[in-house]
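Q: Test case, fold it:
(2 chains)
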Amino acid sequence: MSVMSDEDILNEITAIITGNRVALFMKGTPEEPRCGFSARVSERILESGAEFIAIDILPDPRIRQQLSAYSGWPTTPQLFVDGTLIGGCDIVEELHAQGELAKILATDAA
Amino acid sequence: MDLNTVQELIETHLPGSRASVDDFMGAGGDHLAVRVEAEQFTGKSLIEQHKMIYAAVQEHLDSGAIHALSITTVPITPGASA
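A: Predicted coordinates for the structure are as follows:
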C-alpha cells in the first residue's frame, strides 16, 4: 500500500464531507474521545440521535492540516452538516443552548 | 501566552471591540477562553464571528502557543452605548 500524499488526504476529507450528511472530525473517537471539546461535540450529536460519521484526526498530523486548509477553521473538533461547516465546540454548545442544534441535525432538514 | 497580549491582538484586529481573556486551565496560558463584544459581529453568522477571532491570533494557534481557544462572541448594535 502506498503512502497517501497531502492531495490524497485532502481528496479523502472532501469526499467524507460531501458524501455524509453529518461528519465530525475529532480527536479520538466517540467511544474514546481524546479531547474534552471533541467529547462534548460527539456527545451532543449522539444525544440528538442523528446518524453521523466520526473521523479521528490524530493518526496523521496532515489530516488536521488539510482539514483546516479546506475549512478555514484552525481547531478541532469540526462539525459539518450537508457539506457546510457548522463550527467547533463553542458554536455547537451555543446552538444546543438555543435549541437550534437539533433542527440542524434533524434528517428532514433541507 | 500572556493574556494581555491576546486581549490586545483581538482589540487591535477588531477596532472598538472589548475583549476579556481567561486561562481556563489555570496555568500555562495555552488554554484560553475569550469573550469579545464587538459591533463587527452584528449580522454575521457564528462561524464568521469566530473566524474573526481566530484571525487575530492565527500565528499563535499555528505555533502552538495557544493550544485551545474557547470563544464567546457578543454582537453590539452599532452606535449603542454598551
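Q: Quick check: closest non-adjacent residue to residue 20.
A: Unless you meant another one, I'm taking chain A. Residue nearest to residue A:20 in three dimensions, not counting chain neighbours: residue A:53, with 4.6 Å by C-beta to C-beta, 6 or more residues apart in numbering or on different chains. To be clear about C-beta, it is placed using only N, CA and C from the backbone, and glycine gets the same treatment.
Q: nope, chain B please
A: Sequence neighbours aside, residue B:35 is the residue nearest to residue B:20 in space, at 4.9 Å (criterion: C-beta to C-beta, 6+ apart).
Q: can you check residue B:75 too?
A: Leaving out its chain neighbours, the residue that sits closest to residue B:75 by C-beta to C-beta, 6+ apart is residue B:41, at 3.8 Å.
Q: What of residue A:46?
A: Counting by C-beta to C-beta, 6+ apart, residue A:30 is the residue found nearest to residue A:46 once chain neighbours are left out, at 6.3 Å.
Q: Can you give me the separation between that neighbour and chain B?
A: 20 Å (C-beta to the nearest C-beta, to the nearest Å).
Q: you'd agree that residue is up against residue A:44?
A: No - no contact is recorded between residue A:30 and residue A:44 when judged using C-beta atoms under 8 Å, the distance being 10.7 Å.
Q: quick one: which of these two has more around it?
A: More crowded of residue A:30 and residue A:44, by other C-beta atoms under 10 Å in any protein chain shown: residue A:44, with 20 against 17.
Q: Over to the residue nearest to residue A:20: give its phi and psi.
A: Dihedral angles of residue A:53 (phi, psi; degrees, to the nearest 10) stand at phi -110, psi 130.
Q: Over to the one 5 residues further on?
A: Summarising the backbone geometry of residue A:58 under the convention degrees, to the nearest 10, its torsions are phi -70, psi -30.
Q: OK, contacts around it?
A: Going by C-beta atoms under 8 Å, 6 or more residues apart in numbering or on different chains, residue A:58 touches A:27-28, A:34.
Q: ok now do the residue nearest to residue B:40 when sequence neighbours are not counted, which residues does it touch?
A: Spatial nearest neighbour of residue B:40, chain neighbours left out: residue B:14 (5.2 Å); criterion: C-beta to C-beta, 6+ apart. Contacts for residue B:14 were tallied using C-beta under 8 Å, 6+ apart; they are B:36, B:38, B:40, B:52, B:56.
Q: switch the cut-off to 10 Å
A: B:36-41, B:52-53, B:55-56 (C-beta atoms under 10 Å, 6 or more residues apart in numbering or on different chains).
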